[in-house]
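In: All I have is the shape, not the residue letters:
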C-alpha cells in the first residue's frame, strides 16, 4: 500500500515538474527569444495573457487605459486594418467572447470571411438601404409617437433602452421581415437590454475561458425563462429567429418576392455552399446582425442627445439648420453640414466598440514606424488598435472629451482617424444602415424637441451627468462608471 502511494506521489511530482518546465521554457522564450521580445512594454504582459485577465476581468475592463500608456501611433491603423487583397485573419483567442463561431463577425480566416461577407454586402449597400428606408422611417414615426405620449408625464426614461428598442426593431425587421415590437412595449423591453449588458460583463472572462459563453448560451429555455426576465426575452427572440429562418429556408425565392425581402433571402439565394446555409449557421448570423445592429447605434444616439441637451448653443445651431432646410430623406439630410458634423462627433465619443480588434497579417511583415525606428512585426502576429484610445487622443482631437461638432466642418483630414466602424475588409457591414438611422432619427427628434430654453416641446436631462456617457471601461462596447443609471430624460409639453 505504501509503495502504491509513493508511486502515485512520484507521478504527481513528475507531472508537476513537466508543467513547471513547460511554463518556464515558454516564459523564457517569450521574454528573450521570440521576435516580438524586443518590443517595449511590461515584461509580464509579454510573458502571459493573464496580465490582460487581471485588468479586464478582475479590474473590469481597465486594460484599455493601461494600453494607452504604452502605445500612441495612429497612422498605423490603415496599415493594420487594410483592405484590398491584403489578408487579415481574426485572432481565435479574441473571438471567443462572441460565443458563436459561425457568424461573419467571428469568422477567423480571411478568405472564409470574404465568402460569407459576399452574400450579405449587397443587402447593406447604400442603394439597398435607401430602397428600404421606409422601414427605418416607419420606426422613427413609431418612436416619436411613443415619446409624444410621455410629454407632460414627468416620467424619466432611459434613452439607451429607448434607442435600443428603436434600433433592434429595425434590424430585426430588416433581417427577419417582422419586427419584435419592442417600441410597442410599455417599458421598451428594458429587461432584454439589461441582460445584454450583463453578457458584456463576462466577455473578457470568455476570452480566457472559451467554454464560458457557449455554456451560458446553451442553458435550456425552461430554466432561463424562470430565472431572469431578460433571459426570457432573449430566449423569445432566439425562438422567433429560428422559426423565421426555418420558414424562409425551404422556398427563399417565393419569400423574396415580398415587398420587403430579408437578408436571409439574399443568403439562401446566393452561391454560397450548402454548408453555409444550414439553419444553425444562419441562426448565428442572425444573432450577429441583431447584436451589431442594436447597441452601437443606440449608444451613439444616446451620447449625441446627452451632449446636445447639455449645450443649448450647439442644440440651437442644429435645430436652426433642420428647420431651415426642411430635409426629410437620408439623401437630403446627408447634405446638411452641421447635422453631419454632430453625427461624426457623436460617433467619435460613442466609439462604436471600444475593444481592441486584433488582426493577423498572414502573409506579410507589417512595419510600424515610430520616429526614427522601424519595428518589424512578423507574419501571424495578432496586432490590435482601439477606438477607445484613438478617439480621445488630444494630438488628433484637441479637447478630446468635449463635444465639438465644429471640429468636423471643413476638415476632411479628420475622417481618417474616425474608426467607429473599423476599416478595411472587416469594416462593419451595417455602416450605411447605421448612418441612415442616425440621420432620420436625429432629424425627427430635434425637429420636435428643444432644450430648457425652448417654448415648444422640450426634452430635459434627469439626474444625469457626464459620468453617464464618458468612457470608463472596455466591455467590448463602451462602459461608463459603475453604478450609472443611464442617460435619463423627461419630456415636457410646449408652453
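Out: That came through, no problem. No experiment lies behind these values; they were computed from the predicted model shown.

In: can you give me the strands for this structure?
Out: Using DSSP state E, the strands of the chain run over 157-158, 359-360, 366-370, 373-377, 382-383, 458-461, 473-475, 477-479, 488-492.

In: of all the ones you listed, which lies closest to residue 270?
Out: strand 359-360 (25.8 Å; C-beta to C-beta). Placement of C-beta: from N, CA and C, glycine included.

In: which residues in the stretch 251-400 of the chain form helices?
Out: 252-256, 263-268, 279-310, 312-325, 330-333, 337-350, 387-390 (DSSP state H, counting those that start in this stretch).

In: between the strands of the chain, which gets nearest to residue 96?
Out: Using C-beta to C-beta, the nearest of the strands of the chain to residue 96 is strand 382-383, at 13.1 Å.

In: Can you name the residues that contact the residue lying closest to residue 348 once chain neighbours are set aside?
Out: What sits nearest to residue 348 in space, not counting adjacent residues and going by C-beta to C-beta, 6 or more residues apart in numbering, is residue 391, at 4.8 Å. By C-beta atoms under 8 Å, 6 or more residues apart in numbering, the residues touching residue 391 are 348, 349, 351, 397, 400, 417, 418, 419, 420.

In: before we move on, the earlier item: I'd like to know which of the strands of the chain lies nearest to residue 97.
Out: strand 473-475 (10.1 Å).

In: other SSEs contacting the closest one?
Out: Judged by 3 or more C-beta pairs under 8 Å, 6 or more residues apart in numbering; DSSP states H and E, strand 473-475 is in contact with helix 63-68, helix 203-208.

In: do you know which of those helices lies nearest residue 305?
Out: Closest to residue 305 of the helices and strands packed on strand 473-475, according to C-beta to C-beta: helix 63-68, at 24.5 Å.

In: what comes into contact with that closest one?
Out: 52, 55, 56, 354, 355, 356, 386, 388, 389, 473, 474.

In: And stretch 136-145, by the same measure?
Out: Applying C-beta under 8 Å, 6+ apart, the set of residues contacting stretch 136-145 is 162, 166, 169-170, 173, 179, 183-184, 330, 433, 436-437, 440-441, 444-445, 448.

In: Give me the buried entries from those.
Out: Buried members of the contacts of stretch 136-145, scored by 16 or more other C-beta atoms under 10 Å, are 162, 166, 169-170, 173, 179, 183, 330, 433, 436-437, 440-441, 444-445, 448.

In: what's the most centrally placed residue in the chain in contact with, if anything?
Out: The residue lying closest to the centre of the chain (C-alpha atoms, centre = their mean) is residue 353, at 4.2 Å. Shown in contact with residue 353 (C-beta under 8 Å, 6+ apart): 296, 387, 476, 477, 478.

In: which of those lies closest to residue 99?
Out: Among the contacts of residue 353, and counting by C-beta to C-beta, the member closest to residue 99 is residue 476, at 11.6 Å.

In: Hmm, which of the contacts of helix 63-68 is lowest in pLDDT?
Out: Among the contacts of helix 63-68, residue 55 carries the lowest pLDDT, at 83.

In: Residue 49 is in contact with that residue, correct?
Out: No - using C-beta atoms under 8 Å, residue 55 makes no contact with residue 49, being 11.1 Å away.

In: These two - which one has more neighbours?
Out: Neighbour count, other C-beta atoms under 10 Å: between residue 55 and residue 49, residue 55 has more, with 19 against 10.

In: What residue, apart from its backbone neighbours, is nearest that one spatially?
Out: Among residues not flanking residue 55 along the chain, residue 63 sits closest, at 3.7 Å (C-beta to C-beta, 6+ apart).

In: burial count for the residue lying closest to residue 270 once chain neighbours are set aside?
Out: Computed as C-beta to C-beta, 6+ apart, the closest residue to residue 270 that is not its neighbour in sequence is residue 119, at 4.1 Å. The number of residues packed near residue 119 is 21, by other C-beta under 10 Å.

In: if I look at residue 119, how far off is residue 276?
Out: 8 Å (C-beta to C-beta, to the nearest Å).

In: what sits in contact with each of these two?
Out: residue 267.

In: What is the nearest of the buried ones among the contacts of stretch 136-145 to residue 101?
Out: residue 433 (24.5 Å).

In: how close does the closest one sit to residue 455?
Out: Distance, residue 433 to residue 455, using C-beta to C-beta: 35 Å.

In: go on, residue 312?
Out: 13 Å.

In: The two: which has the busier surroundings?
Out: residue 312 (14 against 8).

In: Need the pLDDT of the nearest residue to residue 146 once chain neighbours are set aside.
Out: Closest residue in space to residue 146, ignoring its immediate chain neighbours: residue 183 at 5.9 Å, by C-beta to C-beta, 6+ apart. Residue 183 is assigned a pLDDT of 96 by the prediction.

In: With the one 3 residues further on instead?
Out: The score at residue 186 is 93. That number is its pLDDT.

In: Count the residues that sit near it.
Out: Applying other C-beta under 10 Å, we find 7 residues neighbouring residue 186.

In: same thing with residue 23?
Out: Neighbour tally, residue 23, other C-beta under 10 Å: 12.

In: same question, residue 10
Out: 10.

In: so how far is residue 284 from it?
Out: Applying C-beta to C-beta, the value for residue 10 to residue 284 is 48 Å.
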